[in-house]
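Q: Here is a sequence together with a model predicted from it:
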Amino acid sequence: MELVKPDSLDAAVDALQEDGAACLSGGATLVAMMNSDLVAPDRLVSLRNIPALRHVRYQADGSVVIGAMRHHRETAQETNFRDGQSVISEAARQIANPPVRNMGTMGGSCAFFDPAADYPPALVAADARFLLRSSEGHRTVSADDFFVDWYETALKDGELIEFVVIPPAHSGSIGNYTKLARVSGDFAIASVALVMAMEEEVCSYLAVAVGACGPKPARSREGEADIMGGRLDNSAIARLTDALDALLDPVDDVRASAEYRRRVAPRMVRQAIRKAQKVLSEVR
Amino acid sequence: MSTDAIKLMINGVGHSVAGVTAGTTLLTVLREKLALTGAKRGCNQGVCGACTVMVDGAPMRSCLSLAANCTDQDITTVEGLALDGALSSVQQEFVSGNAVQCGFCSPGIMISAHALLRGNRALTAEEVRAGLSGNLCRCSGYKKIVEAIVKASETRP
């Protein structure tokens, strides 16, 4: 095993060409896997010496562009999210604990893609996009398409995450992220990321993604479309949770049974919507 | 596979360490190459917090840090908290308040506590508990530990 520390993005993608090469960002995931003998890359490409990957940029259209090496702590403290974009900082605040938030990065967490991690449902609910770079150029992939299956992403060999784009959220929307876990900072038993807006009694925007209940975050765009433009009564919410339930594919693990997850996920969605409704009515 | 000697800055002292492979963690170097055994190997997975050290002023896991990737950083271990032989206020309050049982978690907790105390104001027990959420104690619970850190935050010079 060798460790290389390129000082530019071009040098990094070159270094990634070799078979068995892997990016090392904060180490919070990859080094833990190495310590357990679960992975043994032939070459570690440390991204530490590429300052551009640490930056956040704010675009004129309201997009927030987060470098892959930006730490959870920095994203948790980000003050330039507007409207429902704050679902991202809410998720970041609930990742693990302070030392791990000082080390772990958005790119590292997403590239590993534990489906019980906090960013994936938040990024899917926020309609985020990944900018992926390789020696052949770059491409953009939606968060929905980036997270493919348990621990599997759209990343190809020799490709790295350069940054994640959080597009402007619906005007007047709010974001919230709710996580059910055994103790604060653990991986989720189930989680709900939500972006919502109301105009008077009518739901004008809704995006909901459920995490930790299947191979990738569950989001029903049909269910959301059905609810938007109408009142948020119990039957409308029930139609959405039914639509989401059909997309869940939870498993039994050390944190909870699949059956338990199926039971709590719809209730968490309902609670998240009711909570957002209350917050939005108080703002008015 | 060995690499060339690496240079590390630990507790204000430069060290040149030979025989460090790419996969060697900072924790292994501290304990096995430099005899700085304050940081402990508990889970080796970043969960327990016993290996926590300060890196460029922020608490991090030395078990999840590769030593060869830390060459440009400023590292502080529990051995570096006392100044000229005088215990820090946190260390002093741990002694006075009997906030130690077996002691395995104490070095990591003291590092997290020093990071918390940088805000230069008195801390609430709630803030201390949130700041220590990445440090596990399996002896006795956290009451005396939290009290000691709150007290250190109130009495520090």
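A: Now that the structure is in, tell me what you want to look at.
Q: Every contact and neighbour count from this point should use C-alpha atoms.
A: OK.
Q: A:Asp226: neighbouring residues, count only.
A: Other residues lying near A:Asp226 total 15 when counted by other CA atoms under 10 Å in any protein chain shown.
Q: Over to A:Ser134?
A: 22.
Q: What's the local residue count around residue 12?
A: No chain specified, so I'll use chain A. A:Ala12 has 25 neighbours, counted by other CA under 10 Å.
Q: Let me rephrase: I mean chain B.
A: As a burial measure, B:Gly12 scores 11 neighbours (other CA under 10 Å).
Q: Let me see the ranges of the helices in chain A.
A: A:9-15, A:30-35, A:72-76, A:87-93, A:98-103, A:106-112, A:119-125, A:143-146, A:221-227, A:234-245, A:258-283 (DSSP state H).
Q: again with chain B
A: B:26-28, B:89-96, B:106-116, B:125-131, B:143-155.
Q: Show me what from chain B comes close to chain A.
A: Chain B comes close to chain A at residues B:1, B:21-23, B:44-46, B:52, B:58-61, B:63-66, B:68-69, B:131-134, as judged by CA under 8 Å from any CA of the partner chain.
Q: just checking, which of those residues belong to strands?
A: Among the residues of chain B next to chain A, the residues falling in strands (DSSP state E) are B:Thr52, B:Ala58, B:Pro59, B:Met60, B:Arg61.
Q: Could you export those to TSV, including columns for pLDDT?
A: Output for those, formatted as TSV (pLDDT from 0 to 100):
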residue	pLDDT
B:Thr52	98
B:Ala58	96
B:Pro59	97
B:Met60	97
B:Arg61	98
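Q: Let me know the closest of those residues to A:Asp157.
A: B:Arg61 (28.5 Å; CA to CA).
Q: So the residue lying closest to the closest one once chain neighbours are set aside versus A:Gln77, what's the distance?
A: Excluding the flanking residues, the one nearest B:Arg61 by CA to CA, 6 or more residues apart in numbering or on different chains is B:Thr52, at 4.7 Å. Remark: distance between B:Thr52 and A:Gln77 (CA to CA, to the nearest Å) = 22 Å.
Q: between those two, who's got more neighbours?
A: Shown here are B:Thr52 and A:Gln77; by other CA under 10 Å, B:Thr52 has more neighbours (34 against 13).
Q: check contacts around that one.
A: Contacts for B:Thr52 (CA atoms under 8 Å, 6 or more residues apart in numbering or on different chains) come out as A:Pro99, B:Ala39, B:Pro59, B:Met60, B:Arg61, B:Ser62, B:Pro107, B:Gly108, B:Ile109, B:Ile111, B:Ser112.
Q: Name the spans of chain A whose pLDDT lies under the cut-off.
A: A:284 (pLDDT under 70).
Q: how about the residues of it near chain B?
A: So chain A meets chain B at A:1-3, A:26-28, A:31-36, A:46, A:96-100, A:102-103, A:184-185 (CA under 8 Å from any CA).
Q: Provide a ChimeraX selection command restricted to the buried entries of those residues.
A: A single ChimeraX command suffices to select whichever of the residues of chain A next to chain B are buried according to 16 or more other CA atoms under 10 Å in any protein chain shown:
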select /A:2,3,26,27,28,31,32,33,34,35,46,96,97,98,99,100,102,103,184,185
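Q: Which pLDDT value goes with B:Ser2?
A: As predicted, B:Ser2 sits at a pLDDT of 51.
Q: A:Leu24 against A:Arg43, yeah?
A: No: with contact defined as CA atoms under 8 Å, A:Leu24 does not count as touching A:Arg43 (9.6 Å).
Q: Does the nearest residue to A:His138 once chain neighbours are set aside have any beta-bridge partners, and if so which?
A: Closest residue to A:His138 apart from its sequence neighbours, by CA to CA, 6+ apart: A:Leu132 at 5.5 Å. Legend: beta-bridge partners of A:Leu132 under DSSP bridges are A:Arg139, A:Ile161.
Q: Next one: A:Leu132 from chain B, what distance?
A: For A:Leu132, the distance to chain B (CA to the nearest CA, to the nearest Å) stands at 24 Å.
Q: From what I see, that residue and A:Gly158 are in contact.
A: No: the pair A:Leu132 / A:Gly158 is not scored as a contact, 10.2 Å apart, by CA under 8 Å.
Q: Contacts only, for the residue nearest to A:His138.
A: A:His138, A:Arg139, A:Thr140, A:Val141, A:Leu155, A:Glu159, A:Leu160, A:Ile161, A:Glu162, A:Phe163.
Q: Give me the distance between the two termini of stretch A:12-20.
A: OK, stretch A:12-20 end separation, CA to CA: 14 Å.
Q: residues near residue 104, how many?
A: Just so you know, I chose chain A. Residues near A:Gly104, counting by other CA under 10 Å, number 23.
Q: Let me rephrase: I mean chain B.
A: Other residues near B:Phe104 come to 20 when the count uses other CA under 10 Å.
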